[in-house]
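Undergrad: one predicted model, sequence on top.
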Amino acid sequence: MKKLSMSVLAAGLVVMSNVSVANDFATVTRVHFVQDCIVLNAEKMNVYESTHKCSCVVDELAKVFTEKEFEEANTGFRFQNLPGDRGAEFKDDADVQGGIELFKKTHAEAYETCRIRR
């Protein structure tokens, strides 16, 4: 019986360690994204609904991006329309554009999954 208990405990620890290895973003990154999302969707939902749904969106994004990839894609997405030389880095770099396109696609799918109207 003791061997079975130890086996179950060991299996549980293995499973739990895999959960924490997922593309988990820092709390600050999640909070900033959720706050921005709430502001963008303020006219569509109340604060409680938008908090839940925006948290869902960041969870969906974390399934696809590492935190570094997310930060880079989100920054590119936000600043790609800057005029002149300030936006050139986000418009001209093929890697940045690829990340922005994946971000747009994943972001739209996350909004749909989390039932946020566009």
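TA: The structure has been received and is ready for your questions.
Undergrad: how many neighbours does R30 have?
TA: Using other CB atoms under 10 Å, R30 is surrounded by 19 other residues. (C-beta placed from N, C-alpha, C; glycine too.)
Undergrad: chain neighbours aside, what residue packs nearest to it?
TA: Leaving aside its chain neighbours, R30 sits nearest to V58 (5.2 Å; criterion: CB to CB, 6 or more residues apart in numbering).
Undergrad: can you pull the contacts of the one you found?
TA: Listed by CB atoms under 8 Å, 6 or more residues apart in numbering, the contact set of V58 reads F25, R30, F33, V34, C37.
Undergrad: with just CA atoms, put the strand or helix carrying it into PDB.
TA: Assessed by DSSP states H and E, V58 sits inside helix 47-64. Extracted in PDB, the C-alpha atoms of helix 47-64 (Å, rounded to 0.1, in the frame of the first residue of the first chain):
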ATOM      1  CA  VAL A  47     -16.000  45.100 -15.600                       C
ATOM      2  CA  TYR A  48     -16.700  41.600 -14.100                       C
ATOM      3  CA  GLU A  49     -17.600  40.000 -17.400                       C
ATOM      4  CA  SER A  50     -14.700  41.700 -19.200                       C
ATOM      5  CA  THR A  51     -12.200  40.600 -16.500                       C
ATOM      6  CA  HIS A  52     -13.200  37.000 -16.900                       C
ATOM      7  CA  LYS A  53     -13.200  37.100 -20.700                       C
ATOM      8  CA  CYS A  54     -10.000  39.100 -21.000                       C
ATOM      9  CA  SER A  55      -8.300  36.600 -18.600                       C
ATOM     10  CA  CYS A  56      -9.500  33.900 -20.900                       C
ATOM     11  CA  VAL A  57      -7.900  35.600 -23.900                       C
ATOM     12  CA  VAL A  58      -4.500  35.900 -22.200                       C
ATOM     13  CA  ASP A  59      -4.800  32.200 -21.300                       C
ATOM     14  CA  GLU A  60      -5.400  31.300 -24.900                       C
ATOM     15  CA  LEU A  61      -2.500  33.400 -26.100                       C
ATOM     16  CA  ALA A  62      -0.200  31.700 -23.500                       C
ATOM     17  CA  LYS A  63      -1.000  28.400 -25.200                       C
ATOM     18  CA  VAL A  64       0.700  29.600 -28.400                       C
END
